[in-house]
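Colleague: structure, please.
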Amino acid sequence: MIQLVKKELHQLIPFALLWLCLAVLYYGAELATVRMDEQSYLAWCNEYCDVGSNVDLALFIIIFYLIAAYSLFPREFDESTIDFLRSLPIGRSTVFISKVVAVWLLLVVLLLLDRAIQTLLLTANAQTLTGRSYPQIDFTFLLRDILFALVIASHGVFLSWFRTTGLILYAAYLVALIWLEQVQGTSGVYNIFRFFNNEYHGQSLRLDWSVIQFHLFVALLLLIVSFFLWTRTDSKPRNPGGSKWSKVLPVLFSVLGFIVVAGWMIGLLQTASTQALESDIRHNNTAYYKFSYRQSDVDAIEALQDTADLDYEILSDKIGASSQPFIHADMTSDSQHALGLASWKKIRMVVDGRRDSGPLPRRVLSHETAHVFQSVESNRALSKFGNSTGFFIEGMAQFLSFAIVPDPARESNWLISSVAWQRQNIKFDEMANRQLFDSKYNPELLYGIGDIWSAAMVDVCSEQSLGDFLRSIGRDDAPPNLSGTRLWRHHLQHIGCELESVNNRWRQYMQDVLVDRSAGAFPHFKNVVVESSSGGDLITVRAELEPGESEQLPDSYYLRVQSETQLAKTISPVLSGKLIRDGVNVSVEFSVLRRLIDGSRFRYQMGYIPLPDSRHYFDRWRSGTVPESD
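Modeller: Now for the predicted structure:
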């Protein structure tokens, strides 16, 4: 069997060379048109991972796989070489299985090679190195594509018995599927394109296994039928005097097929380039930035560009930067979750198109630029040790952005962080363990607390210490296995500073904030009760409020819920609460849909907006049990 598989793989070498030529064409065009240090995982995965069915991609793959499957049996019978195989002391079933295994194995190897090449290219971007790729999605896609290769190979083996007629029938099947999708909206499990139907639950990819199982069953049936068809078919009589065109034409058709496919791919690249030129995206360069933006945002971008280079130079001077990276600032983001994101030497930002949109865009640009400097100055090491340095990554960027663009909002951030530090007894050891911190406290606290800690570090160790720490953690001889407090103590000592001194000043800063400013309306939650509705569809979380130093209570209250069986997974949307006054007693009540909780145990976090236009204040996580319904 193994020798037969090797023999079939050898016969499939022309197909592998065809794939190699297409790969060289595709990746060559990508390297020539895209900066790989800006190519993120999500950008590469945009169409491939998009929600819904990707018909164009599936159609190309189907055609490609059919070419491989069609090369298995017809050639053997047309050239009568099948007679030689049948004369050997091996069963016909062995010959059939070896051919199917060989073509499937080759397709699997090509899939793995393609993933390996793409992964290698993506390592030029820090996102891949810092865990921004999604292994669960990658593995699920690979499993799906391997199964899809088996299904299409079975189709090809079956259809090749009918030769050209089989291709015509299959083309009609595919056209009918596309027509049914467009006219009726669905063609059920019969639709092979639904193999590529992507759905997500949070960040987890969910495949349509009902469709996949159906087509795997059909593939098995087709292979069984194909076995009986091909093992009972005789070879064509040999024709030694046949025309030379009978040998030349297949080669010509193969070359023509390659030219057509190559032309189609080049046409797609040219179309994409033309669409980019005709779109409303504009580009403009400054000394340190390449701005990409929509024409409708031109006023805001012009206002931002007036100060961008100066702010860049100030930031560079504050950390004593050893290099000044040129940054691609993509201002076309529509993210609803973050105003800005940075990865290696690229920034993505949400922009308000008004010229008078205030200091926020300028501060966000400074914040994200600080992230770029963190990656470059530390040679990506800061992100590598992100669990220990997460608070500093955001805190340092906050500190520098506020130093460049002052904002009154910083005072409320410091106050909220200081109240949380005092009430929830937050320790540095927990800050230096991002995973632990997020499991106990509100992750957004790291921005304010990290800002205060960075201010303490500058006060104790000098402003240049921010950049010195980055270069210390990224140096070639830095210890590779330090984490938490040990990491911070080592690198601060390396730049002539002491962790204990910084932490003492950090705690003093927060204590001063609590003493010097009114804590405002920071009520305590007490006597929390969890109840279930009679139907069991709703869970009520009720808590009494004990006013803080001010009798004025906040107006808005919020709740977040997370199932304890899925600690590493999604947190519910922020739920609003209802304030209830009963004489002098005040309480707040939250209603939670039962379906948001998986299992009987859950965690919840209550909070409010304590000051006008401030961030949310959230209390620490609490645990609860879903009560039985009446």
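Colleague: C-alpha from now on. contacts and neighbour counts both.
Modeller: Noted.
Colleague: packing partners of the helix or strand hosting Leu222?
Modeller: If you go by DSSP states H and E, Leu222 is part of helix 209-231. Applying 3 or more C-alpha pairs under 8 Å, 6 or more residues apart in numbering; DSSP states H and E, one finds that helix 209-231 makes contact with helix 92-122, helix 135-160.
Colleague: let's see it at 7 Å
Modeller: Judged by 3 or more C-alpha pairs under 7 Å, 6 or more residues apart in numbering; DSSP states H and E, helix 209-231 is in contact with helix 135-160.
Colleague: following the helix it packs on, which helix or strand comes up?
Modeller: The C-terminal neighbour of helix 135-160 among helices and strands, as given by DSSP H and E, is helix 164-183.
Colleague: what angle sits between that next one and helix 135-160?
Modeller: Here helix 164-183 points in a direction 130 degrees away from that of helix 135-160 (axes from the mean of the first three to the mean of the last three C-alpha atoms, to 10 degrees).
Colleague: what comes up buried for helix 164-183?
Modeller: Using 16 or more other C-alpha atoms under 10 Å as the test for burial, helix 164-183 gives 166-167, 174, 177-178.
Colleague: off-centre distance for that helix?
Modeller: How far helix 164-183 lies from its chain's middle: 34 Å, per C-alpha atoms, centre = their mean, to the nearest Å.
Colleague: ok, stretch 427-441 next?
Modeller: 24 Å.
Colleague: tabulate the buried residues of helix 164-183 (a markdown table), appending pLDDT.
Modeller: Below are the buried residues of helix 164-183 laid out as a markdown table (pLDDT from 0 to 100):
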| residue | pLDDT |
| --- | --- |
| Gly166 | 79 |
| Leu167 | 77 |
| Leu174 | 79 |
| Leu177 | 76 |
| Ile178 | 72 |
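Colleague: on that earlier part again, what comes up buried for the helix holding Leu222?
Modeller: 211-212, 215-216, 218-219, 222-223, 226-227, 230.
Colleague: from those, pick the one nearest Val103.
Modeller: Checking the buried residues of helix 209-231 against Val103 by C-alpha to C-alpha gives Leu223 as the nearest, at 13.3 Å.
Colleague: quick check: closest non-adjacent residue to that closest one.
Modeller: Leaving aside its sequence neighbours, Leu223 sits nearest to Ser154 (C-alpha to C-alpha, 6 or more residues apart in numbering; 5.7 Å).
Colleague: residue contacts, the one you found?
Modeller: 219, 222-223 (C-alpha atoms under 7 Å, 6 or more residues apart in numbering).
Colleague: format these as JSON lines; extra columns: distance to Leu304 and pLDDT.
Modeller: Listed next are the contacts of Ser154 as JSON lines, based on distance: C-alpha to C-alpha, whole Å; pLDDT from 0 to 100:
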{"residue": "Ala219", "distance to Leu304": "58", "pLDDT": "91"}
{"residue": "Leu222", "distance to Leu304": "63", "pLDDT": "91"}
{"residue": "Leu223", "distance to Leu304": "63", "pLDDT": "90"}
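Colleague: looking at those residues, which is nearest Lys384?
Modeller: Using C-alpha to C-alpha, the contacts of Ser154 come closest to Lys384 at Ala219, 45.0 Å.
Colleague: re the thing from before, between the contacts of Ser154, which is closest to Ala397?
Modeller: The closest of those to Ala397 turns out to be Ala219 (C-alpha to C-alpha; 55.3 Å).
Colleague: which residues does that closest one contact?
Modeller: Residues in contact with Ala219 (C-alpha under 7 Å, 6+ apart) are 151, 154-155.
Colleague: just for the stretch 451-600 of the chain, where's the confidence low?
Modeller: The stretch 451-600 of the chain contains residues with pLDDT under 70 at 516-520, 534-535, 548-551, 565-570.
Colleague: tell me how many other residues surround Ser93.
Modeller: Counted with other C-alpha atoms under 10 Å, the neighbours of Ser93 add up to 12.
Colleague: and it, what pLDDT?
Modeller: For Ser93, the model assigns a pLDDT of 81.
Colleague: ok, now Trp414?
Modeller: At Trp414, pLDDT is 91.
Colleague: what helix or strand does it sit in?
Modeller: helix 409-424.
Colleague: what residues sit buried inside whatever helix or strand comes next after that helix?
Modeller: Counting by DSSP H and E, the next helix or strand C-terminal to helix 409-424 is helix 428-431. For helix 428-431, the neighbour count (16+ other C-alpha under 10 Å) marks 430-431 as buried.
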